[in-house]
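*Asks:* Next input, structure requested:
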Amino acid sequence: MHNIQLFHFFPDYRLIRLSIILTLFLCIQVRSQPSANGSDIRSRIHRVSTIIVIAPHPDDEILGFAGVIYYALQMGKAVKVVLLTNGEGYGSSCYFWKNGCPKEDSTCLGSVCSSLESERYGKLRVEESKRALAHIGLAPEDLITLGYPDDFIEDMLKYKDSIFTTASGLKVSASGKSLTGKNLIIDLKDIFKKYHDAVVFTTHIKDYHEDHNAIAAFVQLARVDLAYENILFPVYWGVIHQPGWGDNNSWPPPEGFWEMKTGEAMLLREDRYTPMQKLHPPVGMKEVPEWYFLDEHLWYSGNREKCIMRKAIDEYRTQAGLTGMNDSLPKKEYEGWMDRNGFLLSFVKMNHLFWEAPYPVIEASAKCPCHKVSTLCLPGVWHMGDQVAGFEGSCSCQSEVYCDNGLRIASGLESGKAWYDIGPFFQDSISITMRWTDNSWSPGRKTIEIYNWDNSSREVIAAWDDNSGMEKDLHVSTALKPSQLGALHQVRILMNCSKNARLHVSALKVE
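*Replies:* Below you'll find the model as predicted:
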């Protein structure tokens, strides 16, 4: 939780499920509304053998996912917590740990952490996670460290072949692989293959922190590859850093800044410890979350003894600014400085918030083999409110969807509309070929629009009315402008009709 940058998010369609037809033929179904109390997630946990939590840094696993870890363990499920990084690249925190005072204080005459000191700091953070997770029942051997470079996960996403180096000077991961984006995908796939009967939790693709949103994208890339091996599993996202607010950590604490005098950090931290309150979605998050309410003794003790989640968070002493190198203490006036706005403590609430991640479409054309015994439809779905028309495929990866007259669809839209989202993907161009295959409609009643969709604005890249495309292919091939929200692209095809109609997508390629 540091060094923050916005990443792109694609719409939240709550329950997305791929089912196998023939051997590799996939179709997706989507549930229209999330549950209000987390019952859907609990039901998912009951049906699998393993829960996997992918945490970008040591502490994210408790802040965002303590409740599901605890519940799964209580249900006798296996739980694996995967630390993507050791958190060794958090420079300002390492500086405070080394010098006992903040780098921004001009009277603090310290020095930055060396590579060896960064390595020690990262190992200490991992040990803090082990102690924190022990409070909710996780055994040390169920914590997996991957050792990828803190603060470089988004760069690894953009430059997947480049070899990166950690702040401690390492160039290989815990599995012995070079620190590249491609190898990170391989490591994730290995974990998902080993524990294939699982529900996966990780940070949100819209989380403001660059490592957090990038690992969500890496998990999506791994899911796409594994889908073609018939390894399918649901993924839930949790937000740690509020999208759009940067590193002032104004969520979950109350918004705004405050004047702080030296020596008041601990007092301010406790002011923001409000375990009897609910965690509400961040401002600007329009996607509806699933409210997952925690077992009461995780957030409430009923007496002066601290609750379990508070005890766990108190183990992250480096992140709060409560410990220094060689077990020294920080200067008294700076005690608690690193968590002076109570960011860590403010996650002790009655509930978590989760958003289910849809299956993405990435390099779809490369994943459409023509086999006699099996074929693969494009991973995607047309959304029409409570009803969903899944793709049907053939050897040429053809797919069709229906727009039914008078169909009641998603809130805020007119009847007779349907849309299909392609993405997210990282390539910069897209090619789509489609045609109307049912001409039984009145003139002037049918349109198709294709948008470069980024959840905040939409750029029309192609449009047809019903006078075009009569028994002929409609084709668009275009470069996409950089998204306002990051490296990801998402394209939405919107169909509008007042009579029954069928749209046939015969080719899709992103590159």
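
*Asks:* Please enumerate the strands of the stretch 51-200 of the chain.
*Replies:* Counting by DSSP state E, counting those that start in this stretch, the segments of the stretch 51-200 of the chain that form strands are 78-83, 143-145, 198-203.

*Asks:* Using TSV, lay out these together with mean neighbour count, mean pLDDT and distance to I52.
*Replies:* Bear in mind the C-beta positions are built from the backbone N, C-alpha and C, glycine included. Output for the strands of the stretch 51-200 of the chain, formatted as TSV (neighbours: other C-beta atoms under 10 Å; pLDDT from 0 to 100; distance: least, C-beta to C-beta, whole Å):
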stretch	mean neighbour count	mean pLDDT	distance to I52
strand 78-83	22	98	5
strand 143-145	19	98	9
strand 198-203	26	97	5
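
*Asks:* Of those, give the one that comes closest to L345.
*Replies:* For the strands of the stretch 51-200 of the chain, proximity to L345 was assessed by C-beta to C-beta; strand 198-203 is nearest, at 19.2 Å.

*Asks:* tell me what the closest one is packed against?
*Replies:* When contacts are defined as 3 or more C-beta pairs under 8 Å, 6 or more residues apart in numbering; DSSP states H and E, strand 198-203 packs onto helix 39-47, strand 50-55, helix 60-74, helix 210-227, strand 235-238.

*Asks:* Looking at these, which is nearest to G110?
*Replies:* Ranked by C-beta to C-beta, the member of the helices and strands packed on strand 198-203 that lies closest to G110 is helix 210-227, at 25.2 Å.

*Asks:* Okay, buried residues for that closest one please.
*Replies:* Of all the residues in helix 210-227, those buried under the rule 16 or more other C-beta atoms under 10 Å are 210-227.

*Asks:* re the thing from before, nearest to Q319, out of the strands of the stretch 51-200 of the chain?
*Replies:* Counting by C-beta to C-beta, Q319 lies closest to strand 78-83 out of these; the figure is 13.8 Å.

*Asks:* which strands and helices sit next to the closest one?
*Replies:* Using 3+ C-beta pairs under 8 Å, 6+ apart, strand 78-83 is in contact with strand 50-55, helix 60-74, helix 115-135, strand 143-145.

*Asks:* partner strands of it, parallel or antiparallel?
*Replies:* Strand 78-83 has its sheet partners listed here by DSSP bridges as strand 50-55 (parallel), strand 143-145 (parallel).

*Asks:* before we move on, the earlier item: just put the helices and strands packed on strand 78-83 in CSV and tack on distance to I313.
*Replies:* What follows is the helices and strands packed on strand 78-83, written out as CSV (distance: least, C-beta to C-beta, whole Å):
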stretch, distance to I313
strand 50-55, 14
helix 60-74, 6
helix 115-135, 7
strand 143-145, 16
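
*Asks:* re the thing from before, mind putting the strands of the stretch 51-200 of the chain in TSV, distance to S39 included?
*Replies:* Conversion of the strands of the stretch 51-200 of the chain to TSV gives the following (distance: least, C-beta to C-beta, whole Å):
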stretch	distance to S39
strand 78-83	20
strand 143-145	28
strand 198-203	14
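
*Asks:* can you give me the end-to-end distance of stretch 310-325?
*Replies:* For stretch 310-325, the first and last residues are 24 Å from each other (C-alpha to C-alpha, to the nearest Å).

*Asks:* cool, and stretch 450-460?
*Replies:* Between the opening and closing residues of stretch 450-460 lies a distance of 6 Å (C-alpha to C-alpha).

*Asks:* Over to stretch 308-322?
*Replies:* End-to-end distance of stretch 308-322: 19 Å, with C-alpha to C-alpha as the criterion.

*Asks:* do stretch 344-351 as well
*Replies:* For stretch 344-351, the separation between the terminal residues is 15 Å (C-alpha to C-alpha).

*Asks:* and what of stretch 230-240?
*Replies:* Using C-alpha to C-alpha, the gap from the first to the last residue of stretch 230-240 comes to 31 Å.

*Asks:* Stretch 335-353 too?
*Replies:* Distance between the boundary residues of stretch 335-353 (C-alpha to C-alpha) amounts to 31 Å.

*Asks:* how much space between the residue lying closest to G321 once chain neighbours are set aside and Y316?
*Replies:* Here the nearest residue to G321 in space, its sequence neighbours aside, is M338; by C-beta to C-beta, 6 or more residues apart in numbering that works out to 3.3 Å. Look at M338 and Y316: by C-beta to C-beta, to the nearest Å, they are 9 Å apart.

*Asks:* looking at the strands of the stretch 51-200 of the chain, which is closest to P330?
*Replies:* Closest to P330 of those, according to C-beta to C-beta: strand 78-83, at 24.8 Å.

*Asks:* Now do the buried residues in stretch 146-158.
*Replies:* For stretch 146-158, the neighbour count (16+ other C-beta under 10 Å) marks 146-154, 156-157 as buried.

*Asks:* now the residues you listed as JSON lines including pLDDT and distance to A167?
*Replies:* Below are the buried residues of stretch 146-158 laid out as JSON lines (pLDDT from 0 to 100; distance: C-beta to C-beta, whole Å):
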{"residue": "L146", "pLDDT": "98", "distance to A167": "15"}
{"residue": "G147", "pLDDT": "97", "distance to A167": "12"}
{"residue": "Y148", "pLDDT": "98", "distance to A167": "12"}
{"residue": "P149", "pLDDT": "97", "distance to A167": "7"}
{"residue": "D150", "pLDDT": "97", "distance to A167": "6"}
{"residue": "D151", "pLDDT": "95", "distance to A167": "8"}
{"residue": "F152", "pLDDT": "96", "distance to A167": "9"}
{"residue": "I153", "pLDDT": "95", "distance to A167": "13"}
{"residue": "E154", "pLDDT": "91", "distance to A167": "16"}
{"residue": "M156", "pLDDT": "94", "distance to A167": "14"}
{"residue": "L157", "pLDDT": "89", "distance to A167": "19"}
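
*Asks:* just the residues you listed now: which is nearest D105?
*Replies:* D151 (22.5 Å).

*Asks:* Surely that closest one is in contact with G89?
*Replies:* Yes: if you go by C-beta atoms under 8 Å, D151 and G89 touch, sitting 3.9 Å apart.

*Asks:* close enough to count as contact, G321 and L268?
*Replies:* No: distance between G321 and L268: 11.9 Å, which falls outside the contact criterion (C-beta under 8 Å).

*Asks:* got any residues that touch both of the two?
*Replies:* With contacts taken as C-beta atoms under 8 Å, 6 or more residues apart in numbering, G321 and L268 have R340 as neighbours in common.

*Asks:* Doesn't the residue nearest to G321 lie inside a strand?
*Replies:* No: membership of M338 in a strand is not supported by DSSP: H, G, I helix; E, B strand; the rest coil, which gives helix.

*Asks:* end-to-end on stretch 192-206?
*Replies:* Start and end residues of stretch 192-206 are separated by 23 Å (C-alpha to C-alpha).

*Asks:* I'd assumed F347 was in contact with W299.
*Replies:* No: proximity of W299 to F347 does not meet the contact threshold set by C-beta under 8 Å, at 9.6 Å.

*Asks:* pLDDT score assigned to the residue lying closest to C307 once chain neighbours are set aside?
*Replies:* Distances taken as C-beta to C-beta, 6+ apart place S301 nearest to C307, at 4.4 Å, with adjacent residues excluded. The per-residue pLDDT reported for S301 equals 80.

*Asks:* go on, Q427?
*Replies:* With respect to pLDDT, Q427 scores 62.
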